[in-house]
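Peer 1: Model the following, please.
(one chain, ligands or ions: 1)
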Amino acid sequence: MSVLIEVRDLRFHYTPGVPVLKGITLDLRPGATAIVGQNGAGKSTFVRLLNGLLKPVEGEVRVGGVSTRETTVATLARTVGLVFQNPSDQLFKSRVLDEVMFGPLNLGVTADEARVRAREALAEVGLEGVEGRNPYDLGLAERKLVTVAGVLSMGTPVVILDEPTIAQDRAGVRQLGAIVERLRRAGRTVLTITHDMDFVARHFHRVLVFQEGRVLADGTAGEVFGQPELLSAAGLEAPQITRLGRELGLAETVLTSEAFVDRVRSATRFWG
Ligand SMILES: Nc1ncnc2c1ncn2[C@@H]1O[C@H](COP(=O)(O)OP(=O)(O)OP(=O)(O)O)[C@@H](O)[C@H]1O
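Peer 2: Numbers count the residues shown, from 1 in each chain. Reported below is the predicted structural model:
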């Protein structure tokens with residue numbers, strides 16, 4: 001189930017002379033990794049190169065030892081599931097259930113098995129009861145969750161979520177966080193692109209900071225969010241609770257409100 005993705009000196013442009021990715025080298029292993037960075041940094045382009053929708057101009061991407069140049073998008077889809085930023089790029093069936101069954105059917109499972117998987121995936125994203133609806137009659141948040149279910153139902157070892165929390169309310173964000181945790185515990189590789197730093201701090205252990213087509217930083221969430229100058233150079237800010245902890249002079253970089261309360265309580269006990 002576990003798959004290694006090897007990215008070596010990856011360079012890409014849409015228009016010759018206008019580089020979008022300028023030489024990226026890294027490995028992606030099972031676990032939860034977030035990609036953050038300003039608009040236009042090349043994040044969505046990078047993940048499209050991981051599932052073979054785009055091919056490197058120079059350098060290489062190997063998924064499970066196989067170069068994306070030497071395989072097809074359909075073959076890679078068995079390994080790398082990508083939820084697009086915009087659900088309209090992904091939804092094309094007129095019934096939610098058919099949409100979510102489409103991936104597993106393409107993998108060659110029986111219709112019964114695909115239906116079971118689709119129902120489980122829809123339950124996991126909190127969308128029971130909409131199986132017969134047209135995805136385009138749902139709101140943006142629900143449409144996005146349908147596309148997440150569509151990838152979950154395929155059971156790929158690598159799951160990439162491009163801006164999953166967009167338009168979600170707190171319950172939706174919590175549900176997505178639980179999905180990330182489950183996939184991570186199951187030994188899958190979860191990769192997300194997001195502008196939601198609280199979501200990153202809570203659920204992602206590794207953070208890649210993209211800036212103008214390069215990786216500016218690659219470290220744990222604590223390491224990356226503990227460097228305000230670096231974040232500011234990339235046009236980003238640490239989560240509010242992390243900044244508050246720093247303002248208060250906490251020795252450790254806190255990533256969640258629970259960790260913040262814990263550290264402040266132990267400091268007060270010490271003073272009191
Ligand atoms: N299909 C395309 N044709 C030409 N240029 C493109 C295309 N898609 C993206 N670009 C350009 O490539 C650059 C990187 O875009 P990309 O979408 O990868 O960045 P991003 O970091 O994901 O940004 P965002 O957070 O806004 O999604 C941008 O300058 C963008 O305008």
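Peer 1: C-alpha from now on. contacts and neighbour counts both.
Peer 2: Noted.
Peer 1: and the gap between Phe210 and Thr220?
Peer 2: 15 Å (CA to CA, to the nearest Å).
Peer 1: Looking at those two, which one has more neighbours?
Peer 2: Using other CA atoms under 10 Å as the criterion, Phe210 and Thr220 rank with Phe210 on top: 24 against 17.
Peer 1: Check the gap between the more buried one and Gly37 for me.
Peer 2: 5 Å.
Peer 1: Show me the common contact partners of those two, please.
Peer 2: Residues within reach of Phe210 and of Gly37 at once, by CA atoms under 8 Å, 6 or more residues apart in numbering, are 43, 234.
Peer 1: the strands in the stretch 151-272 of the chain, which residues?
Peer 2: 158-162, 189-193, 206-211, 214-220 (DSSP state E, counting those that start in this stretch).
Peer 1: Let me have those strands in CSV, extended by mean pLDDT.
Peer 2: Output for the strands of the stretch 151-272 of the chain, formatted as CSV (pLDDT from 0 to 100):
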stretch, mean pLDDT
strand 158-162, 97
strand 189-193, 98
strand 206-211, 97
strand 214-220, 97
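Peer 1: Export those as a markdown table, with columns for distance to the ligand.
Peer 2: Output for the strands of the stretch 151-272 of the chain, formatted as a markdown table (distance: least, CA to the nearest ligand atom, whole Å):
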| stretch | distance to the ligand |
| --- | --- |
| strand 158-162 | 8 |
| strand 189-193 | 8 |
| strand 206-211 | 7 |
| strand 214-220 | 11 |
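Peer 1: Quick one: those as TSV, columns for distance to Leu255 too.
Peer 2: Compiled in TSV, the strands of the stretch 151-272 of the chain are given as follows (distance: least, CA to CA, whole Å):
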stretch	distance to Leu255
strand 158-162	21
strand 189-193	18
strand 206-211	13
strand 214-220	11
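Peer 1: In stretch 46-58, which residues are buried?
Peer 2: 46-47, 49-52, 54-56 (16 or more other CA atoms under 10 Å).
Peer 1: can you pull the alpha-carbon coordinates of it into CSV?
Peer 2: What follows is stretch 46-58, C-alpha atoms only, in CSV (Å, rounded to 0.1, in the frame of the first residue of the first chain):
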residue,chain,number,x,y,z
PHE,A,46,3.3,20.4,-9.0
VAL,A,47,0.5,18.0,-7.9
ARG,A,48,-0.7,17.7,-11.6
LEU,A,49,2.8,16.5,-12.3
LEU,A,50,2.5,13.8,-9.6
ASN,A,51,-0.5,12.2,-11.1
GLY,A,52,0.8,12.4,-14.7
LEU,A,53,-1.7,14.9,-16.0
LEU,A,54,1.3,17.1,-16.8
LYS,A,55,4.7,15.7,-17.7
PRO,A,56,8.1,17.2,-16.6
VAL,A,57,9.8,19.6,-19.1
GLU,A,58,13.0,18.6,-17.4
